[in-house]
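Asks: below: sequence and its predicted model.
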Amino acid sequence: MSFIKKIDSLYEKLHDKLPAVGKTASFLTGTSVLTANSAMVGLPIWTLGAAKVLTGAKAADDALIAITKYWINSNNAVIDHALPHKDWRINLPDDLSEDKQYLLVSNHQSWVDTSIVQYISQDTLPLTRFFTKFNLIYIPVIGQAFYFLDFPMMKRFSAKAMAKNPELKKQNLLEAKRACRQLKNKPFALLNYLEGTRFTKEKHDQQKSPYQHLLKPRAGGLSLAINALGNELDSILDVTIVYPDGAPDYDDLWKGNIRRLGVDVTRLKIPDELFSAIMDGGYDRDETTKKMMFDWLEDIWQQKDARMTKMLSEFE
């Protein structure tokens with residue numbers, strides 16, 4: 001038996017015979033790898049990030065991406081070998097490439113979602129960036145890596161604050177455009193959670209959402225990304241994630257509590273008329289374009305809602 005198989009077997013036996021010990025062992029393994037990697041890559045990320053910002057050197061950017069992929073792949077190795085008894089059903093198109101340009105849209109239920117997208121992307125998609133909160137920049141190593149790797153880092157303003165000062169909204173538009181410009185002419189996967197927040201029953205009821213499993217989609221971030229990157233894109237991918245045992249907390253991932261998971265990735269075809277209108281800037285100034293965009297997303301969301309019902313039923 002190989003060393004890796006012995007490790008797999010050890011975690012399986014612990015989870016089977018001493019579940020509490022097994023979960024603790026998995027959790028300590030995961031957090032130790034995360035902490036050790038963060039400490040190890042911190043200085044290189046800061047050094048290369050500063051070099052990239054100051055000089056714009058492609059070599060610095062390439063090295064940053066390589067380090068980040070190592071970081072993510074190490075986390076994925078923990079998922080593969082320290083979290084046993086996973087019934088994870090993952091369906092991906094078989095012609096995806098790490099050398100292409102993709103927009104990803106996804107439903108959002110848990111902090112775990114992003115780790116799952118990174119897991120399924122290994123050796124399949126380019127490094128996945130996503131729209132994130134600006135205040136995460138203060139998290140050591142991780143926050144700065146987001147900035148250096150051109151993650152769009154958005155500030156949260158209340159509707160009241162934006163109504164009082166419209167310039168606040170422009171700040172986020174400029175930041176998103178800055179990040180998108182940095183992604184041009186290189187492989188990327190840019191993830192957008194169209195609901196804008198994690199699904200909860202309370203939010204679902206407050207919205208009076210017409211969907212069973214989803215909040216209403218928001219169009220602004222996706223239309224901006226299409227406008228900025230549309231001519232670069234190879235595909236728009238729709239990622240659907242289901243947790244048959246309920247939306248997990250982040251520590252549930254590393255304890256091995258997510259036994260059952262479904263992920264389905266499909267390509268989306270944006271209507272030519274809508275694509276042309278967005279590329280011409282129509283979403284920001286033309287109600288007809290906005291209506292076309294929302295009609296398209298409503299159709300996608302109806303299909304996604306039905307897909308989630310089907311995926312969940314297949315686990316029963």
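Replies: That came in fine, so what should we check first? Computed from a predicted structure; not experimentally measured.
Asks: distance of the closest residue to Ala176 other than its chain neighbours from Trp254?
Replies: Beyond its immediate neighbours in the sequence, the residue positioned closest to Ala176 (C-beta to C-beta, 6 or more residues apart in numbering) is Pro152, lying 4.6 Å away. Heads up, the C-betas are built off the backbone N, CA and C, glycines and all. Using C-beta to C-beta, to the nearest Å, we find Pro152 at a distance of 27 Å from Trp254.
Asks: below-threshold pLDDT in the protein: ranges please.
Replies: For the chain, applying pLDDT under 70 flags the ranges 1, 156-159, 162, 168-169, 172.
Asks: roughly how far does the most centrally placed residue in the chain sit from Leu54?
Replies: Ranked by distance to the mean C-alpha position of the chain (C-alpha atoms, centre = their mean), the top residue is Thr114 at 4.1 Å. Shown here: Thr114 relative to Leu54, a distance of 29 Å by C-beta to C-beta.
Asks: what segments of the stretch 201-316 of the chain are strands?
Replies: Secondary structure of the stretch 201-316 of the chain by DSSP state E, counting those that start in this stretch: the strands cover 235-242, 260-268.
Asks: out of those strands, indicate the one that is most buried.
Replies: Greatest average neighbour count among these goes to strand 235-242 (a mean of 21), per mean count of other C-beta atoms under 10 Å.
Asks: which positions in the helix ranked longest in the chain come out as buried?
Replies: In terms of residue count, the longest helix belonging to the chain (DSSP state H) is helix 19-55. For helix 19-55, the buried set under the neighbour-count rule, 16 or more other C-beta atoms under 10 Å, comprises 22-23, 25-27, 29-30, 33-34, 37-38, 41, 45, 48-49, 51-52.
Asks: and the gap between Leu233 and Gly246?
Replies: For Leu233, the distance to Gly246 under the criterion C-beta to C-beta works out to 34 Å.
Asks: okay, these two: which has more neighbours?
Replies: Regarding Leu233 and Gly246, a neighbour count based on other C-beta atoms under 10 Å identifies Leu233 as having more, with 17 against 9.
Asks: surely the more buried one touches Leu104?
Replies: No. Leu233 sits out of contact with Leu104 when judged by C-beta atoms under 8 Å, with a separation of 11.1 Å.
Asks: domain parsing for the protein?
Replies: Domains of the chain are assigned by automatic domain parsing as 1-85, 86-127+187-313.
Asks: of all the ones you listed, which lies closest to Ala145?
Replies: Ala145 lies closest to domain 1-85 among these, at 5.2 Å (C-beta to C-beta).
Asks: tell me how far that closest one is from the chain's mean position?
Replies: Domain 1-85 has its C-alpha centroid displaced from the chain centroid by 17 Å (C-alpha atoms, centre = their mean, to the nearest Å).
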